[in-house]
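Novice: Predicted model and sequence below, questions to follow.
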Amino acid sequence: MGVLSSVRAVRWARKHQPDQVSHWIALAHERFPPDDLLRQAVEAEQAGFDGICCSDHLAPWWTDETAPTNSGSAWVWLGAAAHATDHAKLGSGVTAIVHRYNPVVVAQNAATLEFLAPGRAFLGVGSGEAMNEMPAGMEWPSPAEQLARTEEALIIITRLLRGETVDFDGRYFKAKGAVLYSLPRRRVPVYLSAFHEGAAELAGHLADGVWTLGDPQQAPKIVAAYREACEQAKREPGEIILQSVFSVADSDDAALEQAREWKGTLVDEHYTDPVADPREIYRHGESEVSDSQFTKQIIASSDPEKHVKRIRMLEKLGATTMVLMNVSGDDPHAAIRVYGESVLPELR
């Protein structure tokens, strides 16, 4: 996509900006133990977040030499969160569907969550990272194969959630007479994570929305590719979910320091290449992403107004939903309170 197309994408996003953007919190299994995340979920709903999602990781982006490490089971946790919360949307953000999870089981998990949280469940899916798939025995594939695997899995998942009996003979995944015997009345929406235009196009043809990073340079291209794919498929565009991370502390410097271990999430190679060692991921993040670059990509400040301004700027990229991951490592609960008292009210 050229410069002209990117400009057109930004113009389209501004023209189609919804009257009200939803705000979901993302909770990090890599950083906090599952019981603490459950407390965060309850506090986030009380603070006014419209939705709650959690990461789905087998490994963190660092080792405990750098910061506390965790890797709770996302789907076990989501079942508990369904009973601990009352009205917020709830789902995975996102579950990888290239190897570690069989797509039939993913569909079963999502359908079950809808029974436990009626009207609230959603399913975020994507191709994931080598750090979570290689320890489960996978040879990390090329980006082209990642996309092909994602497409096959997405076909199976969406057909099952529509109530179909699925026979599928793909190159990577197969299903023989698969059916969801506990099928909820409401079809669970499926949102596809996209870091490049190919995945965005796939979302436009098969998913209920696209989920990407709130990067002012890349997001307009992803949104435009998604929108064009929807037009080609004669489908109305669904959710446009943009994600960022936030860190709240007593000073801007402290907010940066407690988020430092997340630098590895901004390195493209950690999504495309067979890099599975958390030590290597952390070192690579520190060497490739300067503090200046990092602060431009995340929301790290002691001042709630800076958070409000940054989120409003990201919303203008075309978001219908903003996902905000809480990486306030020293006191995530205080950060949620700040958002409930001083950030979310200003965004509405």
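Specialist: It's in.

Novice: Doesn't residue 192 lie inside a helix?
Specialist: No. Assigned with DSSP: H, G, I helix; E, B strand; the rest coil, residue 192 falls outside any helix and is strand.

Novice: who's in contact with it?
Specialist: 124-126, 150, 154, 199, 202-203, 206-207, 209-211 (C-beta atoms under 8 Å, 6 or more residues apart in numbering). Where C-beta positions appear, they are placed from N, C-alpha and C, glycine not excepted.

Novice: what do you get for residue 189?
Specialist: By C-beta under 8 Å, 6+ apart, the contact list for residue 189 reads 122-123, 208-209, 238-239.

Novice: looking at the residues you listed, which has the most residues close by?
Specialist: Within the contacts of residue 189, residue 123 tops the neighbour count with 28 neighbours, counted by other C-beta atoms under 10 Å.

Novice: hey, what's that residue bridged with?
Specialist: Using DSSP bridges, the bridge partners assigned to residue 123 are residue 92, residue 190.

Novice: ok so, going back, which of the contacts of residue 192 ranks first by neighbour count?
Specialist: Going by other C-beta under 10 Å, residue 203 tops these with 32 neighbours.

Novice: Need the contact partners of the helix or strand where that one lies.
Specialist: Per DSSP states H and E: residue 203 is located in helix 197-206. Residues outside helix 197-206 that contact it (C-beta under 8 Å, 6+ apart) are 1, 126-127, 147, 150-151, 154-155, 158, 191-194, 209-210, 212, 221-223, 225-233, 235, 237.

Novice: picking up where we left off before, just curious, which of the contacts of residue 192 is nearest to residue 272?
Specialist: Lowest distance from residue 272 to these (C-beta to C-beta) belongs to residue 199, with 11.8 Å.

Novice: how about stretch 77-91: buried residues?
Specialist: Under the neighbour-count criterion of 16 or more other C-beta atoms under 10 Å, stretch 77-91 has 77-82, 85, 88-91 buried.

Novice: scratch that, stretch 306-313
Specialist: Buried residues in stretch 306-313, counting neighbours by 16+ other C-beta under 10 Å, are found at 307-308, 310-311.

Novice: Which one of these is nearest to residue 31?
Specialist: Nearest to residue 31 among those, with distances taken as C-beta to C-beta, is residue 307, at 19.1 Å.

Novice: confidence score at the closest one?
Specialist: Per-residue confidence (pLDDT) for residue 307: 99.

Novice: Kindly report the same for residue 19.
Specialist: Residue 19 is given a pLDDT of 78.

Novice: Counting neighbours, what do you get for it?
Specialist: Neighbours around residue 19, by other C-beta under 10 Å: 4.

Novice: now swap in the one 4 residues further on and tell me
Specialist: For residue 23, the tally of surrounding residues (other C-beta under 10 Å) stands at 22.

Novice: And for residue 278?
Specialist: 21.

Novice: was I right about it contacting residue 63?
Specialist: Yes. The criterion here is C-beta atoms under 8 Å, and residue 278 meets it with residue 63 at 5.0 Å.

Novice: Could you list every helix and strand that the helix or strand containing residue 80 packs against?
Specialist: Per DSSP H and E: residue 80 is located in helix 74-84. Packing contacts for helix 74-84, counted by 3 or more C-beta pairs under 8 Å, 6 or more residues apart in numbering; DSSP states H and E, involve helix 34-47, strand 51-54, strand 89-96, helix 103-116.

Novice: Of the ones you listed, which is nearest residue 245?
Specialist: strand 89-96 (11.9 Å).

Novice: The closest one - contacts with which helices or strands?
Specialist: Against strand 89-96 (3+ C-beta pairs under 8 Å, 6+ apart) you get strand 22-27, strand 51-54, helix 74-84, helix 103-116, strand 121-126.

Novice: Pull the third one out as CSV, backbone CA atoms only.
Specialist: The C-alpha trace of helix 74-84 is given here as CSV (Å, rounded to 0.1, in the frame of the first residue of the first chain):
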residue,chain,number,x,y,z
ALA,A,74,-6.2,-18.3,29.5
TRP,A,75,-9.3,-20.5,29.0
VAL,A,76,-9.4,-21.8,32.6
TRP,A,77,-9.1,-18.3,33.8
LEU,A,78,-11.8,-17.0,31.5
GLY,A,79,-14.2,-19.5,33.0
ALA,A,80,-13.5,-18.1,36.4
ALA,A,81,-13.7,-14.5,35.2
ALA,A,82,-17.1,-15.2,33.7
HIS,A,83,-18.4,-15.9,37.2
ALA,A,84,-16.4,-13.1,38.9
